[in-house]
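**Q** What follows is a predicted protein model with its sequence.
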Amino acid sequence: MKIRSNIYLLLSCLCGSLVFHSCKKDLGPIKENLTVREAVNSGGFMQIPVKIGTPLQINLAVNPGNRTVTDATYSNKHPEIATYSNTGLVTGLAVGKDTVTIRSGELNVWYIVNVTN
């Protein structure tokens, strides 16, 4: 359905039909977002996989542009499952799922951290 509407919009813009005004719609500036490069899509959610006993260094980026971020703070809901250093080193303590919120300047994002054996 989305592909069909995108094709219709493209054809409308090229042909100059009555919906031509939709091509000039101002979508505003693209907003930046904070991402974790190690995150993977699992079950429809972006998760950070961590194994107990194997610390994982989180590498942050600001998109668009994939610019590296080094100044961030980490807070989590379940400190009994995982800990986070101020440099982004995640250490799994117990099997389970934690939620980490990462902030850098005005940007923030949260991820599920899936700790396994």
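**A** Cool, the structure landed.

**Q** looking at it, Glu32 is touching Ala61, isn't it?
**A** No. Assessed by C-beta atoms under 8 Å, Glu32 is found out of contact with Ala61, at 10.2 Å. For glycine as for every other residue, the C-beta is placed from the backbone atoms N, C-alpha and C.

**Q** hang on, Gly65 is in a strand, isn't it?
**A** No. Under DSSP: H, G, I helix; E, B strand; the rest coil, Gly65 falls outside any strand and is assigned coil.

**Q** so who does the residue nearest the centre of the chain touch?
**A** For the chain, the residue nearest the mean C-alpha position is Thr35 (3.9 Å; C-alpha atoms, centre = their mean). By C-beta atoms under 8 Å, 6 or more residues apart in numbering, Thr35 lies in contact with Leu60, Ala61, Val62, Asn63, Val109.

**Q** name the element the closest residue to the last one other than its chain neighbours belongs to?
**A** Distance criterion C-beta to C-beta, 6 or more residues apart in numbering; nearest residue to Val109, sequence neighbours excluded, is Leu34 at 4.4 Å. Secondary-structure element containing Leu34, defined by DSSP states H and E: strand 33-36.

**Q** Direction included, what does that strand pair against?
**A** strand 60-63 (antiparallel) (DSSP bridges).

**Q** next SSE after the partner strand?
**A** The helix or strand immediately downstream of strand 60-63 is strand 67-69, counting by DSSP H and E.

**Q** What residues of that following strand count as buried?
**A** Using 16 or more other C-beta atoms under 10 Å as the test for burial, strand 67-69 gives Val69.

**Q** Residues contacting that strand, please?
**A** Residues outside strand 67-69 that contact it (C-beta under 8 Å, 6+ apart) are Leu34, Asn59, Leu60, Ala61, Val62, Ser104.

**Q** residues contacting Met46?
**A** Going by C-beta under 8 Å, 6+ apart, Met46 touches Val36, Ala39, Val40, Tyr111, Ile112.

**Q** neighbour-wise, which of these leads?
**A** Val36 (23 neighbours; other C-beta atoms under 10 Å).

**Q** if I read this right, that residue contacts Ile58, doesn't it?
**A** Yes. The pair Val36 / Ile58 is scored as a contact, 5.4 Å apart, by C-beta under 8 Å.
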